[in-house]
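Participant: Below are the sequence and a predicted model; questions follow.
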Amino acid sequence: MSAAWEIIGHDWAVDHLQTALRHGRIGHAYLITGPERVGRGTLARALARALNCTGDSLNQEPCGVCRACSLIAAGRHPDVRLLEPEITGRGNAVIRIDQIRELQRDLNLAAVEGRYKIAIIHQFETANANAANAFLKTLEEPPPRVVLILTATDADALLPTITSRCRTLNLRPVNTLLIAHHLETQLSCSPAEARRLAHLANGRIGWAIEAASGAPLADLHEERLGLLREALDERRVGRFALADQLAGRPEELPALLQTWASFWRDAVLLGCARSPEDDLINIEALPALEQVAAGAQRQELLANLRRTEQALWQLERNGNIRLVLENLLLSYPLPEHVPHQR
């Protein structure tokens, strides 16, 4: 862990940024990529603190206690602007052009008290075409003493003209053992709970910390797995009814399908005789996974994983929600082809 930066598992990224700060080679734009809750936002805020920290640090680290660090941590620094996508009625996130234009007006004003004006824009892959094109002008000709920090799941989801003007830091999933150690030593989790949450986190240190701090993320994960087991126990009529029920909760579907995909991923790994202790996400569902994996060919399990990922892809691109869910549920094996799981 990089203590001063409060970053866990991404020491190489901290070292890269500290070297740039130490030698005065700050870029005007950074793109931080990686899975959701892997630590992209935490690193962005830590960089903002390091840029505007007024403490006495020889190593270009944020002190964490000065006025600037405290205000940035609380989200109240006048020169650090955070832009989040808006949620539509379908549950999709989108960054609109009016948000970008408002940000551009703010960035053209002089800093109030910081050395830099900083904009942190989360999930930039959700920017619509007009917003992305409007922001390109700011990337090409940024105002002086402005640093732009974008986060995204994958650089390939952005326009090449955007990525080519940013310094990219691709955050990889954090080691499961490292996550478990942090939860046990810093958040007072029992060894068993730390292990369970670390596996469920699937490398997302932010998810693990949030779950260990009291958020019902693990319970929600189990509920979503329960819906998948319910679907596999139903015949076609029951699956149509479940699709109808789920279609009325569009904002929950991305997380739901990601959880279902994690189940099929684990089943594929078990079908390949991979080590469950090291590789599985859903370790508490091991008995059900073993039964499903034992009753199906590896190619069938892989097909279920791919169909789930395809359904998620279709929903992200505004596919017909009910039709996508019906097609997915009807593609799963019927009860007579699934070993008893309960």
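Facilitator: Okay, I see it. Numbers count the residues shown, from 1 in each chain.

Participant: Identify the residues contacting the closest residue to Leu187 other than its chain neighbours.
Facilitator: With sequence-adjacent residues excluded and distances taken as C-beta to C-beta, 6 or more residues apart in numbering, Leu187 is closest to Ala212, at 4.6 Å. Backbone N, C-alpha and C define where each C-beta goes, glycine included. Residues near Ala212 by C-beta atoms under 8 Å, 6 or more residues apart in numbering: Leu183, Leu187, Cys189, Glu193, Ala194, Leu197.

Participant: ok, Ala212 to Ala44 distance?
Facilitator: Applying C-beta to C-beta, to the nearest Å, the value for Ala212 to Ala44 is 22 Å.

Participant: same deal with Asn128?
Facilitator: For Asn128, the distance to Ala44 - C-beta to C-beta - is 22 Å.

Participant: same thing with Leu82?
Facilitator: 9 Å.

Participant: So which of those two has more stuff around it?
Facilitator: Between Leu82 and Ala44, counted using other C-beta atoms under 10 Å, Ala44 has the larger neighbour count: 23 against 18.

Participant: For stretch 37-46, which outside residues touch it?
Facilitator: Here stretch 37-46 makes contact (C-beta under 8 Å, 6+ apart) with 5-10, 13-14, 30, 32-34, 62, 72-73, 120, 122, 149, 151, 169, 171-174, 201, 203-207, 210.

Participant: how about it: buried residues?
Facilitator: Under the neighbour-count criterion of 16 or more other C-beta atoms under 10 Å, stretch 37-46 has Arg37, Val38, Gly39, Arg40, Gly41, Thr42, Leu43, Ala44, Arg45, Ala46 buried.

Participant: quick one: which of those is nearest Gln299?
Facilitator: Closest to Gln299 out of the buried residues of stretch 37-46 is Val38 (30.5 Å), distances taken as C-beta to C-beta.

Participant: Quick check, central residue of the chain?
Facilitator: Glu36 (0.3 Å; C-alpha atoms, centre = their mean).

Participant: remind me, longest strand of the protein?
Facilitator: What stands out as the longest strand in the chain, according to DSSP state E, is strand 146-152.

Participant: That strand: partners in the sheet, and parallel or antiparallel?
Facilitator: strand 29-33 (parallel), strand 117-121 (parallel) (DSSP bridges).

Participant: All the helices of the stretch 151-300 of the chain, in order from the start?
Facilitator: For the stretch 151-300 of the chain, helices defined by DSSP state H, counting those that start in this stretch occupy the ranges 160-163, 176-186, 191-201, 205-212, 217-233, 236-247, 253-271, 276-279, 286-294, 298-316.

Participant: For those, please prepare a markdown table with the additional fields distance to Pro144 and mean pLDDT.
Facilitator: Shown next, in a markdown table, are the helices of the stretch 151-300 of the chain (distance: least, C-beta to C-beta, whole Å; pLDDT from 0 to 100):
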| stretch | distance to Pro144 | mean pLDDT |
| --- | --- | --- |
| helix 160-163 | 21 | 96 |
| helix 176-186 | 39 | 96 |
| helix 191-201 | 40 | 96 |
| helix 205-212 | 33 | 96 |
| helix 217-233 | 42 | 95 |
| helix 236-247 | 50 | 96 |
| helix 253-271 | 39 | 94 |
| helix 276-279 | 49 | 70 |
| helix 286-294 | 56 | 89 |
| helix 298-316 | 37 | 94 |
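
Participant: possible to save those helices as JSON lines with distance to Tyr116?
Facilitator: Below are these laid out as JSON lines (distance: least, C-beta to C-beta, whole Å):
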{"stretch": "helix 160-163", "distance to Tyr116": "21"}
{"stretch": "helix 176-186", "distance to Tyr116": "30"}
{"stretch": "helix 191-201", "distance to Tyr116": "33"}
{"stretch": "helix 205-212", "distance to Tyr116": "25"}
{"stretch": "helix 217-233", "distance to Tyr116": "34"}
{"stretch": "helix 236-247", "distance to Tyr116": "45"}
{"stretch": "helix 253-271", "distance to Tyr116": "34"}
{"stretch": "helix 276-279", "distance to Tyr116": "42"}
{"stretch": "helix 286-294", "distance to Tyr116": "49"}
{"stretch": "helix 298-316", "distance to Tyr116": "34"}
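
Participant: closest to Pro335 out of these?
Facilitator: helix 217-233 (5.8 Å).

Participant: who does the closest one touch, helix- and strand-wise?
Facilitator: Identification of packing neighbours for helix 217-233 by 3 or more C-beta pairs under 8 Å, 6 or more residues apart in numbering; DSSP states H and E yields helix 191-201, helix 205-212, helix 236-247, helix 253-271.

Participant: Looking at these, which is nearest to Val292?
Facilitator: Val292 sits nearest to helix 253-271 of all the helices and strands packed on helix 217-233, at 5.1 Å, using C-beta to C-beta.
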